[in-house]
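Student: Curious how this folds, go ahead:
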Amino acid sequence: MISPLPQSVPSRKPIQDFPYSSVFNPEFDLILACCGEEERGSSRAQQILQDGLDPERLLQLGQQHGLVPLLYRKLSRATAGPPSSLLESIRRQDEINAHRTLWLTRELLHIHKALTASGLEVLPYKGPILAQCLYGNLGIRQFSDLDLLVRPRDLPNVKAALAELGYKPGLHLTKTAERAYLRSGYEYAFDGAHGRNLVEIKWQILPRFYSISFDVDDFFRRAVVVTLAGQTMRTLCDQDLLLVLCVHAAKHGWMQLSWLCDIAALAQSPFLDWNALAADAARLGIRRLVTVSFVLAQRLLGASFPAQLGAHEDSAATDIAQKVLRLIVDDEEFDPESTAYFRLMMRLRERLRDRASFLWRLCVTPSAGEWSAIRLPGPLFPLYRIVRIFRLAKRIGFPISRT
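Tutor: I've put the predicted structure just below:
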């Protein structure tokens, strides 16, 4: 269980100076200052507010990076605060987030109680659980859905239980496609009366083509008990959660600063065994990916760096972090179906066999896109691999002759 954050962690040390002396642009730098250490961050925020900024751009970045609640709390306490009109706009967004957060938390409690009563064991993570455990305040973290991890064998019963609660899967597959999806996919998103994709039921952390093989049964064995609004439930232990958060952030190119804030906050847990964590990351072939996460957290947020990850031993990790850093700061579009994205995912893997596996599975693993693009009868289902290859080639701009 995550404990209150200690003031210092002797086993970790920074790899370079705190970043607030470097201004990227006023709005982005103000958000970084609000994320950072209280005294220095407040001083930097005061300076930026005095120099002036674009209010609309600041609010846009706050929403984009999932940091409106933090931004509002820090700026409302500033001695020389922002213009009242800007603070009021941020306050309204924070209020909207608070209402949604409380509704989702109530919904999680309701869903968890119903699934438990049906004898189904689930591990909620991220969302309300992460907000409560990391920050002790449900309203300080933005989230828009609920993530629950289940064992693959329990998925049919979980779907049935959610149906009784009014939730319907957003993806509808034939029986043959569903069997294939259970092997190659990782989640079902469920729609409810209050919106689409409100609940995500996962039986893996990533699709199979990423070639990162977490053992979900081990997650359940190592799970810890937490209390949310008086209701006890189990969630990922700190060790597993940190790796999962790093992988999730990497999957999305680290384009949201709140993910790095979560990683930096969880890294302060005294329950982490950094030597064991580094060994787990190496076993999974994601040590470089985890290193990049911490290099970014250090350079953008001034977070401490775990010495056990050995950033200086992997020049590729620091090079990748520098390129990603520029994309984040420049607010570049990051298309997860582009060749640039696939190249990044390849570079993030330190082992040749993982890069080869990623590339092969990416090319030949059909997904819902292929199953919906062309309807093939059951006996011809294996031909979806060919459909996948053609669609992927077209997506990345590879010329395909029609003659």
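
Student: If you count residues, where's the longest strand of the protein?
Tutor: If you go by DSSP state E, the chain has its longest strand at strand 195-202.

Student: Same question for the very next helix or strand once past that one: list its buried residues.
Tutor: For strand 195-202, the succeeding helix or strand toward the C-terminus, using DSSP states H and E, is helix 216-222. Neighbour-count burial for helix 216-222 flags 216, 219-220 (criterion: 16 or more other C-beta atoms under 10 Å). Every C-beta, even on glycine, is put in place using the N, C-alpha and C of the backbone.

Student: just stretch 316-330 next, same as before
Tutor: Buried residues in stretch 316-330, counted by 16+ other C-beta under 10 Å: 317, 320-321, 324-325, 327-328.

Student: got CSV for those residues, with secondary structure too?
Tutor: Formatted as CSV, these follow (DSSP: H, G, I helix; E, B strand; the rest coil):
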residue, secondary structure
Ala317, helix
Ile320, helix
Ala321, helix
Val324, helix
Leu325, helix
Leu327, helix
Ile328, helix
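
Student: hmm, back to that, Throw the buried residues of helix 216-222 into a markdown table and include pLDDT, thanks.
Tutor: Formatted as a markdown table, the buried residues of helix 216-222 follow (pLDDT from 0 to 100):
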| residue | pLDDT |
| --- | --- |
| Val216 | 96 |
| Phe219 | 98 |
| Phe220 | 98 |
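
Student: Out of the residues you listed, the closest to Ser269 would be?
Tutor: Taking C-beta to C-beta as the measure, Ser269 lies nearest Phe219 of the buried residues of helix 216-222, at 16.8 Å.

Student: How much space separates the closest one from Val387?
Tutor: 33 Å (C-beta to C-beta, to the nearest Å).

Student: Please apply the same query to Met345.
Tutor: The gap separating Met345 from Val387 is 22 Å, by C-beta to C-beta.

Student: Give me the more crowded residue out of those two.
Tutor: Remark: of Met345 and Val387, Met345 carries more neighbours, 21 against 16, as counted by other C-beta atoms under 10 Å.

Student: continuing past the longest helix along the chain, what's the next helix or strand?
Tutor: Counting residues, the longest helix found in the chain (DSSP state H) is helix 84-117. Later in the chain than helix 84-117, the nearest helix or strand by DSSP H and E is strand 123-125.

Student: name the helices or strands packed onto that following strand?
Tutor: The contact analysis (3 or more C-beta pairs under 8 Å, 6 or more residues apart in numbering; DSSP states H and E) places strand 123-125 against strand 146-149, strand 231-235.

Student: Name the residues of the first one that are buried.
Tutor: If I follow you right, that is strand 146-149. Applying 16+ other C-beta under 10 Å to strand 146-149 flags 146-149 as buried.

Student: And the strands in the stretch 201-350 of the chain, which stretches?
Tutor: Assigned by DSSP state E, counting those that start in this stretch, the strands in the stretch 201-350 of the chain fall at 224-228, 231-235, 305-306.

Student: what is the mean pLDDT for the shortest one?
Tutor: To tie it back to what came earlier, the one meant is strand 305-306. Strand 305-306 shows a mean pLDDT of 84 in the predicted model.

Student: which other helices and strands contact that strand?
Tutor: Counting contacts by 3+ C-beta pairs under 8 Å, 6+ apart, strand 305-306 packs against strand 12-13, helix 274-284, helix 287-301.

Student: Same check on the second one?
Tutor: Using 3+ C-beta pairs under 8 Å, 6+ apart, the elements in contact with strand 231-235 are helix 84-117, strand 123-125, helix 127-135, strand 224-228.

Student: before we move on, the earlier item: quick check, distance from the longest helix of the chain to the centre of its chain.
Tutor: 18 Å (C-alpha atoms, centre = their mean, to the nearest Å).

Student: Next, the buried residues of that helix.
Tutor: 86-87, 89-90, 93-94, 97-98, 100-101, 104-105, 107-109, 111-112, 115.

Student: and what of stretch 277-291?
Tutor: For stretch 277-291, the neighbour count (16+ other C-beta under 10 Å) marks 277-278, 280-281, 284-291 as buried.

Student: which one of those residues is nearest Lys159?
Tutor: Of the buried residues of stretch 277-291, the one sitting nearest to Lys159 (C-beta to C-beta) turns out to be Leu284, at 28.6 Å.
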